[in-house]
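**Student:** need a 3D model of the sequence below.
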Amino acid sequence: MTTHFNGQFTIDFDGDTATGKGNCLAHHLLETETDRSLIIVSIRYEDQYAKSDGAWYFAERHLIMDWTDTRPSQPYPRLNPRHRPFLHRDIACPVRIPHGRWSPDC
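**Tutor:** All right, here's what the predicted structure looks like:
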């Protein structure tokens, strides 16, 4: 399971192309039968975008890992026994940036 906290994104537009930089803290929870760990990764994105048919697309993305931290993790007790986590896996869709704002296309 992963959770990403994105922030401090800047985008510079130049006609039908743009460049952007951003930061992210990615939290990865690893569970085995006997162990549970939390890995935190500080990520920088360096992006290039292109406009096509009125929509913005990623043309290129570089991911730079600045540091990582691994620590033990304890499960949080479930308060509602009927609670089921939502699983989001392998959903593929293009990311569009219509009118200079971020929004998923699907």
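**Student:** so where's this protein uncertain?
**Tutor:** Across the chain, residues meeting the criterion (pLDDT under 70) sit at 77-106.
**Student:** same thing but at 50, please
**Tutor:** Counting by pLDDT under 50, the chain has low-confidence residues at 90-92, 94, 102-106.
**Student:** quick one, strands of it?
**Tutor:** Along the chain, counting by DSSP state E, strands occupy 2-14, 17-31, 36-52, 55-72, 95-96, 103-104.
**Student:** out of those strands, deepest packed?
**Tutor:** Burial of the strands of the chain is given as mean neighbour count (mean count of other CB atoms under 10 Å); strand 95-96 ranks first at a mean of 16. Bear in mind the C-beta positions are built from the backbone N, C-alpha and C, glycine included.
**Student:** nearest residue to E60 other than its sequence neighbours?
**Tutor:** Q48 (4.3 Å; CB to CB, 6 or more residues apart in numbering).
**Student:** ok, now which ones touch the one you found?
**Tutor:** Q48 makes contacts with T17, A18, T19, G20, F58, A59, E60, R61, as judged by CB atoms under 8 Å, 6 or more residues apart in numbering.
**Student:** ok, now A26?
**Tutor:** So, once contact is read as CB under 8 Å, 6+ apart, A26 ends up touching T2, T3, H4, F5, I40, V41, I43.
**Student:** among the residues you listed, list the two that are farthest apart in space.
**Tutor:** T3 and I43 (12.6 Å; CB to CB).
**Student:** for the residue nearest to E60, give its distance to Q74.
**Tutor:** 41 Å (CB to CB, to the nearest Å).
**Student:** now do D16
**Tutor:** Distance of D16 to Q74, given as CB to CB: 50 Å.
**Student:** E33 too?
**Tutor:** Applying CB to CB, the value for E33 to Q74 is 16 Å.
**Student:** which one's more surrounded, those two?
**Tutor:** Between E33 and Q74, Q74 has the larger neighbour count (other CB atoms under 10 Å), namely 7 against 4.
**Student:** how about that one: what's its closest non-neighbour residue?
**Tutor:** Nearest non-adjacent residue to Q74 (CB to CB, 6+ apart): R36, at 7.1 Å.
**Student:** tell me the contacts of the closest residue in space to F5 that isn't next to it in sequence?
**Tutor:** Distance criterion CB to CB, 6+ apart; nearest residue to F5, sequence neighbours excluded, is L25 at 4.6 Å. By CB under 8 Å, 6+ apart, L25 lies in contact with H4, F5, I40, V41, S42, I43.
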